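>>> Pasting the sequence and the predicted model now:
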Amino acid sequence: MLEDDYNPKMESIRPSVASLSSSLGNSPNRYSKNNPMTLSVILHSYAKNFSINIDTEWDKCAQGDQKVMNKEEVRMFFATISKYICEERGQFYDQNNFDSLFTEIDEDENGFLTRNEVAIFIKKAFRDPKIALSPRPITNVSQK
């Protein structure tokens, strides 16, 4: 399995924006409503799969409100980043699945995706479809 494949069961243990903000204290880089986390921070090590700065691409594609993207902005964003993801993952992206995946990710059906939702979209769009989205089995657990 590729590192950092999306796993919905892991969502509950990921740090929230609030917990990350409080751990940064009074840092000038502190995350807040007016200074949201960047996509590369949300994706963490997964962002290394791209040979471009995905935050710069977000800024180029997100018109108006930089905190969300509408469907066409996300489509434009994916048209760009799909060219710059590592070949191992890039082979799994299928443009024909874009609309259904957008609908699946846009749970509140407002027609916009936040950075968190786009991070989920990225991990789902570039994952190997043969790999199940289930937790990895625990092995070598001693029985007492």
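Noted; the coordinates are in hand. Numbering: from 1, shown residues only.
>>> only C-alpha atoms for contact and neighbour calcs from this point on.
Will do.
>>> ok, Leu39 to Ala62 distance?
Here the criterion is C-alpha to C-alpha, to the nearest Å. By it, Leu39 lies 12 Å from Ala62.
>>> swap in Glu88?
27 Å.
>>> cool, Ala47 as well?
Counting by C-alpha to C-alpha - Ala47 and Ala62 are separated by 18 Å.
>>> Kindly report the same for Lys83.
18 Å.
>>> Which one's more surrounded, those two?
Ala62 (18 against 13; other C-alpha atoms under 10 Å).
>>> Model confidence score at the nearest residue to that one once chain neighbours are set aside, please.
Once flanking residues are discounted, Ala62 sits nearest to Met69: 5.4 Å by C-alpha to C-alpha, 6 or more residues apart in numbering. If you check Met69, the pLDDT there is 93.
>>> Please identify the buried residues of stretch 105-117?
Burial within stretch 105-117, assessed by neighbour count using 16 or more other C-alpha atoms under 10 Å, is assigned to Ile105, Asp106, Phe112, Leu113, Thr114, Arg115, Asn116, Glu117.
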